[in-house]
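Trainee: Fold the following.
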Amino acid sequence: MHILRRALLGSLWAVIGWKPSFSREASPETAIREEATPVTPRHVLCFLGKDRDLSHLSAAAAQAIRDFADGFSVDEDYSQAEPDDRMSQSFDVCWDRVEADVWTEADEKAVADHQSVLYVLGPSMAQAETVKASMTALRLVERLIAAGAVAVKGESAGIAHGLDRWRTLIGQGAEAVKAADPLAQQRIGRLAFAKRPLSARGYLESVGFHLVGLPEVYVPEAMGSERQIVAIIDQVADEIAGHGLDPTLQKRHASLSFSSTYEVDEFKFNPYGIVRLSG
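Mentor: Alright, predicted model coming up:
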């Protein structure tokens, strides 16, 4: 199946099947895997334009690829110089609901009024390359916002932010790169391109941590409110990044699983597994 078709089908499933609340239902478990797979993650970015001339966004993306985003590419098959009537529903599902004021009525209107859609595909990433690639993806978002993109969504985890929030993340990413701080880069990449919490089978879950080389984190719903559990998810991710997987599993009395709700060829599938906290 075409790479972007898989992402778009995943977004459509989200539009049809997810609850319109702070937490979102994950799809029923479709496959059981108890060992790691050689699958490598990649970014799929969606940019909405304000008119039916895609040349400005497409040219900006092509120039960014030449300048610094080696391995990224414009998808010519699914980009279109006309509106996509699914976008309002898709962005509604994908807006980040963790941070305060991450999108505005102006952002919603920009999505509703968009006139074109550009997709950019990232390269397949080895685990050691994920953080650098995610910082590159943030720079690409910056370049296309400057070229006139009115809304941006990360298809690989189904996450969207308003333009002001994207600009904040872009600035934080640039500072972390300048400081040569890989842990800060990883954290910012996670906040930019991963989504949490999803709700399924008694857990609140993350999706998209593989885009910065980390396993997902699943926390039992009984451990607190949604926002408390989001804080736990982020703390566990920081602990894995800073101290390693095995020490974190021991400290948290957690287990590593490769039982996934996503098929191997879906962009949300995490080849690095799932850290499950016990209740």
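
Trainee: Any idea how far stretch 126-137 is from the middle of the chain?
Mentor: 13 Å (CA atoms, centre = their mean, to the nearest Å).

Trainee: same check, this time on stretch 252-268
Mentor: 16 Å.

Trainee: Let me see the mean pLDDT of it.
Mentor: Summarised as a single mean, pLDDT over stretch 252-268 is 92.

Trainee: now do stretch 121-135
Mentor: Throughout stretch 121-135, pLDDT has a mean value of 97.

Trainee: Go through it and flag the buried ones.
Mentor: Buried residues in stretch 121-135, defined by neighbour count with 16 or more other CB atoms under 10 Å: Leu121, Gly122, Pro123, Met125, Glu129, Thr130, Val131, Ala133, Ser134, Met135. Any C-beta I mention is one placed from the backbone N, CA and C, and that applies to glycine too.

Trainee: Let's see that stretch as CSV, backbone CA atoms only.
Mentor: Output in CSV follows, covering the C-alpha atoms of stretch 121-135 (Å, rounded to 0.1, in the frame of the first residue of the first chain):
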residue,chain,number,x,y,z
LEU,A,121,7.4,12.4,3.7
GLY,A,122,10.4,11.9,6.0
PRO,A,123,13.1,9.3,5.5
SER,A,124,12.9,5.9,7.3
MET,A,125,14.8,6.5,10.6
ALA,A,126,17.2,4.2,12.5
GLN,A,127,16.7,4.6,16.2
ALA,A,128,19.9,6.6,16.6
GLU,A,129,18.8,9.1,13.9
THR,A,130,15.3,9.8,15.2
VAL,A,131,16.0,12.8,17.3
LYS,A,132,18.1,14.6,14.6
ALA,A,133,15.4,13.8,12.0
SER,A,134,12.7,15.2,14.3
MET,A,135,14.6,18.4,14.8
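
Trainee: Any chance you could list what contacts that stretch?
Mentor: Counting contacts by CB atoms under 8 Å, 6 or more residues apart in numbering, the residues outside stretch 121-135 that touch it are 3-4, 40-45, 70-75, 136-137, 173, 176-177, 182, 185-186, 188-189, 192-193, 210-213, 272.

Trainee: Would you mind giving the secondary structure of Pro38?
Mentor: Put simply, Pro38 is coil when judged by DSSP: H, G, I helix; E, B strand; the rest coil.

Trainee: which residues touch it?
Mentor: Per CB under 8 Å, 6+ apart, neighbours of Pro38: Pro271.

Trainee: And Ala237, by the same measure?
Mentor: Neighbour list for Ala237: Arg187, Arg190, Ser206, Phe209, Leu214, Val217 [criterion: CB under 8 Å, 6+ apart].

Trainee: Of those residues, which is the most crowded?
Mentor: Phe209 (31 neighbours; other CB atoms under 10 Å).
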